[in-house]
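# next one to model:
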Amino acid sequence: MNFKSFLPLILCITLFTACNSEKKKSSVNDTIDSSKNITLVADSFKNIVDGKQTDLYVLKNANNAEAKFTNYGGRLISLLIPNAKGQLVDVVVGFNSISAYQKSTEPYFGATIGRYGNRIAKSKFNLEGRTYSLFTNNGINTLHGGKKGFQYVVWNAKQPNQQTIEFTYLSKDMEEGFPGNLKVKVTYTLTDNNELKMDYEARTDKTTVVNLTNHAFFNLNGEGSGTILNHDLQIYAETYLPVDSTLIPTGKIEKVIGSPFDFTKLTAIGTRINDKNEQLSYGKGYDHNYILTKTKGLNMIHAATVKGDKSGIVMDIYTQEPGLQFYSGNFMQSKNTLKTGVKDDFRTAFCLETQHFPDSPNQLTFPTTQVKQGELYKTSSIYKFSN
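So this is what the prediction gives:
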């Protein structure tokens, strides 16, 4: 036999060797999202920000579900949930590196939000006879903690087991204008019941205001799967807070029945989103706080149910908070490239943030967000997934 007859065999051996060599180059800490076969490289999350080390953390449960976090902003990066066929679907929108989060025009993707989630009117509030001025970063208001809210800080991280990550942070007195040294601890747990449990704690040495939440952007059909307008949504609330043109609550409470804000029954998100309605025009869609209906005797409120129209994945939200902010992705502008390589297109993700009401420090009829010296701020929320 001559050389030409061996050529196909030589090519096969060469290709096999190259593939094996490429596999060996991958870090053992790399994780793969099987829904899109996207690799999240651990080294892409190792960086130094403000003199502190950032990293990638992976939680796994008995059902092969996975949650991935970084301590830059205490962020949920990815959440792999099995659909009815057992295939893993990444239901959280995010990026594939620290640098991508730093460059994003939307700073809140997956972040732990504080000191004060949502808006504070005209960037100020009165507390114990003193006026506190905050950084104005949302029109004339303060949004999600100000210029450098918790989404921009590097949290201390501790992973006691493969299903739990603990983030801690000391927010110093007058950071972003808020009084008191605030010690914050947020624990995320991925349970074997496919629940992502969020436990928040905080203590202060001076009376302050606190409203912590997580700002995950969800698409239950999977990141990059398109619009969320066909997701079915039910919010267990009979009333919501109308807002002014700057998205600050007016102080009024209105019933949802007979309005585009009625999600008392499972309804596609897009059913009434384009109705001619002043409130929808202010938020360019839904960006409103719902007042949750509390059931007597239960520790947790059933806040909402959402179902992905393509995946069949169901997300149920339970919380100890009095409110739920529903945001329908109205300000997503295709300016950022997500971890699947697609853009963050208009309304391709939604947020359901468990929290106290917006502008509570200025509206005395709302549930208080004040925390005094020696008091323990403590609250929990659960995002449970099924199919």
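# Q234 pairs with what?
In this structure, Q234 has the following beta-bridge partners (DSSP bridges): T305.
# outside of stretch 47-55, which residues touch it?
Applying CB atoms under 8 Å, 6 or more residues apart in numbering, the contact partners of stretch 47-55 are 42, 45-46, 70-72, 98-99, 102, 153-154, 157. C-beta: built from backbone N, CA, C; applies to glycine.
# quick one: that stretch to chain centroid distance?
Taking the mean of its C-alpha atoms, stretch 47-55 sits 21 Å from the chain's own mean (CA atoms, centre = their mean, to the nearest Å).
# give me the mean pLDDT for that stretch.
If you average the pLDDT over stretch 47-55, you get 97.
# let's number from 9 now, not from 1
Yep, numbering from 9; the last one is stretch 55-63 now.
# end-to-end on it?
End-to-end distance for stretch 55-63: 7 Å, by CA to CA, to the nearest Å.
# got the buried residues for that stretch?
55, 57, 62-63 (16 or more other CB atoms under 10 Å).
# I'd like the residues you listed laid out as a markdown table, including secondary structure and distance to K205.
Below are those laid out as a markdown table (DSSP: H, G, I helix; E, B strand; the rest coil; distance: CB to CB, whole Å):
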| residue | secondary structure | distance to K205 |
| --- | --- | --- |
| N55 | strand | 28 |
| V57 | strand | 27 |
| T62 | strand | 23 |
| D63 | coil | 22 |
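# list the contacts of K386.
Going by CB under 8 Å, 6+ apart, K386 touches 207-210.
# can those residues go into CSV with extra columns for pLDDT, secondary structure and neighbour count?
Output for those, formatted as CSV (pLDDT from 0 to 100; DSSP: H, G, I helix; E, B strand; the rest coil; neighbours: other CB atoms under 10 Å):
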residue, pLDDT, secondary structure, neighbour count
D207, 98, strand, 17
Y208, 98, strand, 23
E209, 98, strand, 16
A210, 98, strand, 23
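# which one of those is nearest to L190?
A210 (5.6 Å; CB to CB).
# what's the burial count for the residue nearest to the closest one when sequence neighbours are not counted?
The spatial neighbour of A210 that comes closest, neighbours along the chain excluded (CB to CB, 6 or more residues apart in numbering), is Y385 at 4.0 Å. Using other CB atoms under 10 Å, Y385 is surrounded by 20 other residues.
# enumerate every residue touching Y385.
Taking CB under 8 Å, 6+ apart as the criterion, Y385 is in contact with 208-212, 218, 220, 379.
# just flag the most distant two among the buried residues of stretch 55-63.
The two members of the buried residues of stretch 55-63 with the most space between them (CB to CB) are V57 and D63, at 11.0 Å.
# where exactly do the helices run in the stretch 259-395 of the chain?
Under the criterion DSSP state H, counting those that start in this stretch, the stretch 259-395 of the chain contains helices at 286-291.
# what ranges do the strands span in it?
Under the criterion DSSP state E, counting those that start in this stretch, the stretch 259-395 of the chain carries strands at the ranges 262-263, 275-276, 295-299, 309-315, 322-327, 331-335, 359-363, 378-379, 385-394.
# strands paired with the first one, and their directions?
Looking back up the chat, that one is strand 262-263. Here the strand partners of strand 262-263, with direction, are listed using DSSP bridges: strand 247-249 (antiparallel).
# same deal with the longest one?
According to DSSP bridges, strand 385-394 forms sheet pairs with strand 203-212 (antiparallel), strand 322-327 (antiparallel).
# now do the buried residues in it.
Residues of strand 385-394 classed as buried by neighbour count (16+ other CB under 10 Å): 385, 387-394.
# now these in JSON lines, with pLDDT?
Converted to JSON lines, those look like this (pLDDT from 0 to 100):
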{"residue": "Y385", "pLDDT": "98"}
{"residue": "T387", "pLDDT": "98"}
{"residue": "S388", "pLDDT": "98"}
{"residue": "S389", "pLDDT": "98"}
{"residue": "I390", "pLDDT": "98"}
{"residue": "Y391", "pLDDT": "98"}
{"residue": "K392", "pLDDT": "98"}
{"residue": "F393", "pLDDT": "98"}
{"residue": "S394", "pLDDT": "97"}
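# tell me who's in contact with A129.
Contacts for A129 were tallied using CB under 8 Å, 6+ apart; they are 148-149, 254, 256, 367, 370.
# same check on K343?
If you count contacts by CB under 8 Å, 6+ apart, K343 has them with 113-114, 351-352.
# before we move on, what about L142?
When the contact criterion is CB under 8 Å, 6+ apart, the partners of L142 are 128, 131-133, 150, 154, 184-186.
# which regions of this structure sit below the pLDDT cut-off?
Along the chain, the parts satisfying pLDDT under 70 run over 9-45.
# what does the residue nearest to the spatial centre of the chain show for phi and psi?
Per CA atoms, centre = their mean, the C-alpha nearest to the average position across the chain is that of A224, at 1.5 Å. According to degrees, to the nearest 10, the main-chain angles of A224 amount to phi -70, psi 140.
# equivalent analysis for F53, please.
Phi and psi for F53, reported as degrees, to the nearest 10, are phi -110, psi 0.
# what is the burial count for the closest residue to it other than its chain neighbours?
Excluding its sequence neighbours, the residue lying closest to F53 (CB to CB, 6+ apart) is L64, at 3.8 Å. Other residues near L64 come to 23 when the count uses other CB under 10 Å.
# now do G349
Neighbour count for G349, taken as other CB under 10 Å: 11.
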